[in-house]
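Participant: Provide a 3D model corresponding to the input given below.
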Amino acid sequence: MSRDEVLVSREELAQLAGVSAGYYTRLEQGQAGTASAQVLDALARVLQLDPAETAHLHNLARQPATSRLVRPRPEKPHPRVLALLASLGETMPAVVLGRRGDVLAWNRTGHALFAEHLDFDAPHDLARRPSVPRMFFLDPLTRDLHRNWSELARTHVAYLRLTAGRCPTDARLAELIGELAMRSGDFAKLWAKGDVADCTVGTMNLQHPTVGGVNVDYQVWLQPDSPDHRLEVYTPNDTPSADALRLLTQWTAEPGPESGSGSGSGSAQESGTRPVESR
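Facilitator: Next up, the predicted model:
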């Protein structure tokens, strides 16, 4: 039986989870204090939640009834994360992402693959630091890049909800969600669905403006020194994509027409492309 077919009453749910109907009702209304991990796990089993949804349930249960939003300090990638990024070289595109999906660092191939219309040094400037969620839902160039945009959009929103449950007092995260809900109808519709999911592996089908079609698999390396940060690495999943990435690596290594170094952003700057707004 699929989860979509699991329709039980409040009383049945309480019985299956081993709690009284009255207690479950008080839980729903936030009047029963903090539920134990055993009760939450029992409810997750009855509702057939996956691991990410179960974690989200626990996160929500730990939240106080009233919580004050706090504006955290700007994120900085840990030196060991930057050292790992540097060790990957330029043949393997990679990006370091912060808690809210801000690009904290990238190698030149990662930058050229996903955001060649932005300045390579933008992650170092807080006023221009790229935000992947903003780019994904508000930047037409980023949307055109992804041929499986709809699939990835659902994943982005579901992961953002998981993060919101994990970091309920993050004022910057709340502002990001509010901004996207106001400015993107697609985001608002997906957010209203309430889906929750982790984002650790997947496939991106790209139509790159420089090297054409590229299909890459992404995988996330979590960072023990900075658990909110994620190093995403991208590998080609077919021979034409591997050839395209080699061409892209060669292109980023060629001297720019003005700077004399392989910034990988010369063509975008010359064309006058305006970077997407990010905060």
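Participant: Leaving out chain neighbours, which residue sits closest to R147?
Facilitator: Distances taken as Cβ to Cβ, 6 or more residues apart in numbering put N205 closest to R147, at 4.2 Å, once the chain neighbours are dropped. All C-beta spots, glycine's among them, are computed from the backbone N, C-alpha and C.
Participant: who's in contact with the one you found?
Facilitator: H146, R147, N148, G213, N215 (Cβ atoms under 8 Å, 6 or more residues apart in numbering).
Participant: Return the distance of the closest residue to L145 other than its chain neighbours relative to L248.
Facilitator: Leaving aside its sequence neighbours, L145 sits nearest to L206 (Cβ to Cβ, 6+ apart; 5.6 Å). Relative to L248, L206 is positioned 11 Å away (Cβ to Cβ, to the nearest Å).
Participant: What are the boundaries of the helices in the chain?
Facilitator: 10-17, 21-28, 37-46, 51-62, 79-87, 108-115, 132-138, 140-145, 149-166, 171-183, 185-193, 239-253, 266-271 (DSSP state H).
Participant: which stretch in these has the least confidence?
Facilitator: Among the helices of the chain, helix 266-271 carries the lowest mean pLDDT, at a mean of 37.
Participant: ok so, going back, which neighbours do L206 and L248 share?
Facilitator: Joint contacts of L206 and L248 (Cβ under 8 Å, 6+ apart) are L113, V214.
Participant: tally of neighbours for D144?
Facilitator: Residues within reach of D144, counting by other Cβ atoms under 10 Å, total 12.
Participant: For D217, list each beta-bridge partner.
Facilitator: T203, T235 (DSSP bridges).
Participant: pLDDT value on it, please?
Facilitator: With respect to pLDDT, D217 scores 97.
Participant: Run a quick neighbour tally on it.
Facilitator: Residues near D217, counting by other Cβ under 10 Å, number 14.
Participant: tell me the contacts of it?
Facilitator: Contacts for D217 (Cβ under 8 Å, 6+ apart) come out as V201, G202, T203, M204, Y234, T235, P236, N237.
Participant: Same check on E90?
Facilitator: Counted by Cβ under 8 Å, 6+ apart, E90 has contacts N107, R108, T109, T249, T252, A253.
Participant: please redo it, this time with the cut-off set to 10 Å
Facilitator: N107, R108, T109, G110, A112, L248, T249, Q250, T252, A253, G262, G264 (Cβ atoms under 10 Å, 6 or more residues apart in numbering).
Participant: just F187 next, same as before
Facilitator: With Cβ under 10 Å, 6+ apart, F187 has these contacts: 133-134, 136-138, 153, 156-157, 160, 177, 179-181.
Participant: 6 Å instead, please
Facilitator: Taking Cβ atoms under 6 Å, 6 or more residues apart in numbering, we find F187 in contact with F137, L180, A181.
Participant: ditto for H156
Facilitator: Counted by Cβ under 6 Å, 6+ apart, H156 has contacts F136.
Participant: With D198 as the reference, measure out to it.
Facilitator: H156 is 12 Å from D198, by Cβ to Cβ.
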